[in-house]
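**Q** Requesting a structural model of the entry that follows:
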Amino acid sequence: MHKVYLVIQREYLARVKKKSFLVATLLTPLIFPAIMAVFVWLAAVEEKGNQSLRVIELVDETGLFFMESSEQYAFSSSVKNLEEAKALVNKGERYGALYLPKMELSAPKGIQFYGLENPSTSLIGYLEVALKRKIEDQRLYSKGIDPKVLKQIRTEVKVQSLTLGESGEEKITDANVNYALGFLTGILIYVFIFIYGNQIMQGVIEEKSTRIVEILVSSLRPFQLMMGKIVGIGAVGLTQFLIWVLLVSTLSTLVMGVLGMQMPQQQAMEMANPEIMAATPDSGELGAILQVIGGIDFVSLVVAFVFYFLGGYLLYGALFAAVGAAVDAPSDAQQFMFPITIPLLIGYMGLFVFVLQDPSSSTSFWLSIIPLTSPIAMMGRISYGVPFWELALSLGLLVLGFLGTTWLAAKIYRIGILMHGTKPSYKTIWKWVKSSN
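**A** I've put the predicted structure just below:
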């Protein structure tokens, strides 16, 4: 055990002391906010540049439509025909021309927009929504129904979602917030497994190609070397993640304090207080969102993330180490990476197709139970709420899966780490697995 600890210490310190680790760890929490700040600034600049009114010539052969202007688009209605409208566009006097031919209102066809540049999706969407309403109004008139009466009786309905606890308590939930948390944590697990798994494989290949491993195995068993590498690099990843959490939390608190704002958790606690809610009845959607955030158990979420990160990393890390031991160069590892990446891709795609869409479906359940996909899939479900027995079963099977892949990888690692000059096939690796100790 002491020898394994020495390998862990070596792998951990060798990577943590690198300048690249320090730069990535300290700058990554700043990169994403910086990118978002740049995007917000560009959006503000573009919005300011788009404040000039864009005039669209309306050619209406039906004579039924009057298009209201908006802050960004103004419609000019005249008796000009389509060719004259196109000429105005070519001269730069109009941003575009909207052509409404004579048509059946029950099946409108032939509506066209002409411009000197490709119109944005927002403009086309705006025109489609506006024309849809106008056509519906005209059809109502033709049926003898006043659209104004219909608008008066139309009512917007919002359904608030609440989850009942075992002891009868009620918790406000929001599918969008749960989706965002599941998406973020699931993707982080997927990315971390790939990044640090590849680091294990690259490290094993490098030591094998430089023959350093032959010196190392003279003083410790191959299994001890493999486990030391896996745990050491995993500790690096966990350290990096915890530093990111602390940095993001600290920076967010400082920025909020400078701007005179509170953290969402603090605001949510205040909003959840009946007296404060009574004093601020117009909390609106912000209050509802803050209540949802306040009802999320972030401690359990972070603890689950750490467990599934470690479990998934250890499970796949052993397989990455086995691949690294079996080959002499990274280019030779591609053929053996395929069986490893397929379950990861299934978990990744299942996260979007099944888990985040319906976390209670049978497919989502099995994806979060099977060890090869559970680290990604279960993180997508946890924010929605998972029964304790499912979580315990998933974690138990993940531990068994890690033990199984470690046993399998140890069989390959023990022989492959000392093999040089040959390109093993799947048949050769199977023989290594079947060989006795």
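
**Q** Let me see the ranges of the strands in the protein.
**A** With DSSP state E, the ranges of strands along the chain come out as 54-60, 73-77, 96-100, 112-115, 161-164, 170-173.

**Q** out of those strands, which comes closest to residue 11?
**A** strand 170-173 (41.8 Å; C-beta to C-beta). For every residue, glycine as well, the C-beta is placed using N, CA and C.

**Q** Would you mind giving the domain segments of this protein?
**A** Domain assignment for the chain, taken from automatic domain parsing, gives 52-153, 173-434.

**Q** Dump the ones you listed into TSV; add mean pLDDT as well.
**A** Below are the domains of the chain laid out as TSV (pLDDT from 0 to 100):
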stretch	mean pLDDT
domain 52-153	81
domain 173-434	78
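
**Q** out of these, deepest packed?
**A** domain 173-434 (a mean of 18; mean count of other C-beta atoms under 10 Å).

**Q** just to revisit the earlier point, the strands of the chain: which one's closest to residue 17?
**A** When those are compared (using C-beta to C-beta), the closest one is strand 170-173, at 44.3 Å.

**Q** how far away is residue 126 from residue 57?
**A** As judged by C-beta to C-beta, to the nearest Å, residue 126 and residue 57 stand 16 Å apart.

**Q** just residue 400 next, same as before
**A** 70 Å.

**Q** Is residue 314 in contact with residue 235, as I believe?
**A** No. In terms of C-beta atoms under 8 Å, residue 314 does not count as a neighbour of residue 235; the distance is 11.2 Å.

**Q** residues contacting residue 220?
**A** 3, 4, 7 (C-beta atoms under 8 Å, 6 or more residues apart in numbering).

**Q** Not counting residues beside it along the chain, what's closest to the first one?
**A** By that I understand residue 3. residue 220 (4.3 Å; C-beta to C-beta, 6 or more residues apart in numbering).

**Q** mind checking the backbone torsions on that neighbour?
**A** Main-chain dihedrals, residue 220, degrees, to the nearest 10: phi -150, psi 160.

**Q** the helices in the stretch 301-437 of the chain, which residues?
**A** 334-350, 362-369, 374-382, 388-416, 426-434 (DSSP state H, counting those that start in this stretch).

**Q** Those helices: which one's closest to residue 87?
**A** helix 334-350 (51.4 Å).

**Q** need the longest helix for the protein.
**A** Using DSSP state H to define each element, the chain has its longest helix at helix 222-258.

**Q** I'd like to know which elements that one is packed against.
**A** helix 2-16, helix 19-49, helix 175-209, helix 298-326, helix 388-416 (3 or more C-beta pairs under 8 Å, 6 or more residues apart in numbering; DSSP states H and E).

**Q** any chance of those in JSON lines, with distance to residue 333 too?
**A** Listed next are those as JSON lines, based on distance: least, C-beta to C-beta, whole Å:
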{"stretch": "helix 2-16", "distance to residue 333": "19"}
{"stretch": "helix 19-49", "distance to residue 333": "22"}
{"stretch": "helix 175-209", "distance to residue 333": "6"}
{"stretch": "helix 298-326", "distance to residue 333": "5"}
{"stretch": "helix 388-416", "distance to residue 333": "11"}
